[in-house]
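1. below are the sequence and a predicted model; questions follow.
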Amino acid sequence: MSGHNKWASIKHKKAATDSKRGKVFTKIIREIVVSAKESGGNPENNARLRKAISDAREANMPQDNIKKAIQRGTGEIPGVMYEEITYEGYGPAGVALIVETTTDNKNRTSAEMRKIFSKHSGNLGESGCVGWMFSRKGYISVDKSSSDEDTIMTLALENGAEDFSVEDEIYEIYTKPEQTEAVKNALAAKNIPISNSEVSMIPQTYVKLTGEDAEHMIKLMDELEEYDDVKNVFANFDISKEDMEKFSV
C-alpha cells in the first residue's frame with residue numbers, strides 16, 4: 001500500500017478518536033467560511049460547501065456553528081476572513097510535500113511552516129517545485145467488512161471511478177475530483193459505509209523510508225496536521241505498515 005494511503009487510514013482513525021474536538025471544529029469552520037465565500041452559501045449549488053457541512057456533521061458540530069460559519073463566508077455576519085495558501089517543500093530523504101493552508105495571517109503561517117519543516121529534517125521550496133509530481137484525484141476507502149469486492153468495484157466503476165484496488169483491510173477507489181460525490185452517493189444508496197473520503201493529491205512515484213527517516217517523516221506529518229492553519233498535507237513517502245504504526249502516536 002502506498003505511503004499516502006497508509007497515512008490516510010491512520011489519520012482517519014486518529015480523527016475518529018481525537019479528543020481535541022475544538023481543533024477539528026476550527027479547521028472545519030475555516031473550510032465552511034472559505035467555501036461559502038468562494039461559491040455562495042447554498043450547499044445545493046456548492047459541492048465544496050456540501051462536503052464541508054458533511055464533515056461538520058460527522059464531527060457532531062452543532063448546527064448553529066455551521067450556520068454562522070456559512071453566514072461569515074457570505075458576509076451576512078462579521079468575522080475573521082481567510083485566504084488559502086499552498087506551500088511546497090521537501091522532507092527527510094527528499095520526500096516531496098504539498099501543504100494546503102487556510103490563514104488569516106500569511107506572515108505568521110509562512111514563518112511557522114519554515115520552522116516545522118526545518119525542525120524535522122526538511123525545507124520549504126519555491127511554488128511549483130514538487131507540484132508536478134502529484135495528480136489531483138478523488139480518494140475513497142471502504143472497509144472490506146462492508147461488502148464483497150465485486151459489489152464495491154462494480155458500483156465504483158459504474159459511477160465514474162477511474163481505478164480500484166484492494167489493500168490490506170480496505171477497498172480503495174480513485175476518481176476524478178468531480179466524480180467523487182457521485183461514487184459516494186452510489187455507495188450510500190446501497191447502505192455501504194465509507195471509511196474515508198477526500199480530494200487528494202496522489203503522487204506519481206514514492207520514496208521508501210525506514211528507520212530515522214521514517215520517524216522524522218511521521219513526526220513532520222503529525223506536526224503539520226496539528227497546526228490550526230493547515231488544511232491538508234500530501235507527500236510521496238512509502239513507509240512500511242509496521243514502521244507507520246510504531247512511530248505514529
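-> Received it, and whenever you're ready, just let me know what you need.

2. going forward, measure contacts between C-alpha atoms and count neighbours the same way
-> Will do.

3. show me what contacts Pro92?
-> 120-122, 213-214, 216-217 (C-alpha atoms under 8 Å, 6 or more residues apart in numbering).

4. show me the two of those that sit farthest apart.
-> For the contacts of Pro92, the farthest-apart pair by C-alpha to C-alpha is Gly122 and Ala214; their separation is 12.6 Å.

5. from the contacts of Pro92, which would you call buried?
-> Buried members of the contacts of Pro92, counted by 16 or more other C-alpha atoms under 10 Å: 120-122, 213-214, 216-217.

6. of those residues, which belong to helices?
-> 213-214, 216-217 (DSSP state H).

7. which of these lies closest to Thr109?
-> For Thr109, the nearest member of these is Met217. The distance, counting by C-alpha to C-alpha, is 20.2 Å.

8. list the buried residues of the longest strand along the chain.
-> In the chain, taking DSSP state E as the definition, the longest strand is strand 134-143. Residues 134, 137-143 are the ones in strand 134-143 that count as buried (16+ other C-alpha under 10 Å).

9. pLDDT and distance to Thr101 for those residues - can I get that in a markdown table?
-> Compiled in a markdown table, those are given as follows (pLDDT from 0 to 100; distance: C-alpha to C-alpha, whole Å):
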| residue | pLDDT | distance to Thr101 |
| --- | --- | --- |
| Phe134 | 94 | 17 |
| Lys137 | 91 | 19 |
| Gly138 | 90 | 19 |
| Tyr139 | 90 | 20 |
| Ile140 | 90 | 22 |
| Ser141 | 89 | 24 |
| Val142 | 90 | 27 |
| Asp143 | 89 | 29 |
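
10. pick out the most distant pair among those residues.
-> Farthest-apart pair in these is Phe134 and Asp143; separation 25.5 Å (C-alpha to C-alpha).

11. now Tyr126: how far from Gly89?
-> That one is not Tyr; residue 126 is Glu. 7 Å (C-alpha to C-alpha, to the nearest Å).

12. comparing the two, which shows the higher neighbour count?
-> Using other C-alpha atoms under 10 Å, the more surrounded residue of Glu126 and Gly89 is Gly89, with 24 against 9.

13. show me the beta-bridge partners of that one.
-> Per DSSP bridges, the residues bridged to Gly89 are Leu97, Leu124.

14. in terms of secondary structure, what does the longest helix anywhere in the chain contact?
-> Taking DSSP H as the criterion, the chain has its longest helix at helix 21-39. Secondary-structure packing of helix 21-39 (3 or more C-alpha pairs under 8 Å, 6 or more residues apart in numbering; DSSP states H and E): helix 47-58, helix 63-74.

15. and those: which comes nearest Gly94?
-> It is, among the helices and strands packed on helix 21-39 and with distance given as C-alpha to C-alpha, helix 47-58, at 32.1 Å.

16. for that closest one, which positions count as buried?
-> Buried-residue list, helix 47-58, by 16+ other C-alpha under 10 Å: 48-53, 55-56.

17. the domain parsing of the protein - what is it?
-> 17-74, 83-131+204-247, 133-203 (automatic domain parsing).

18. what's the span of the second one, first residue to last?
-> The stretch domain 83-131+204-247 measures 33 Å between its terminal residues, going by C-alpha to C-alpha.

19. weakest of the helices and strands packed on helix 21-39 in terms of mean pLDDT?
-> Per-stretch mean pLDDT for those is lowest at helix 47-58 (a mean of 89).

20. so where's this protein uncertain?
-> 1-22, 249 (pLDDT under 70).

21. 50 instead, please
-> Residue ranges of the chain with pLDDT under 50: 1, 19.
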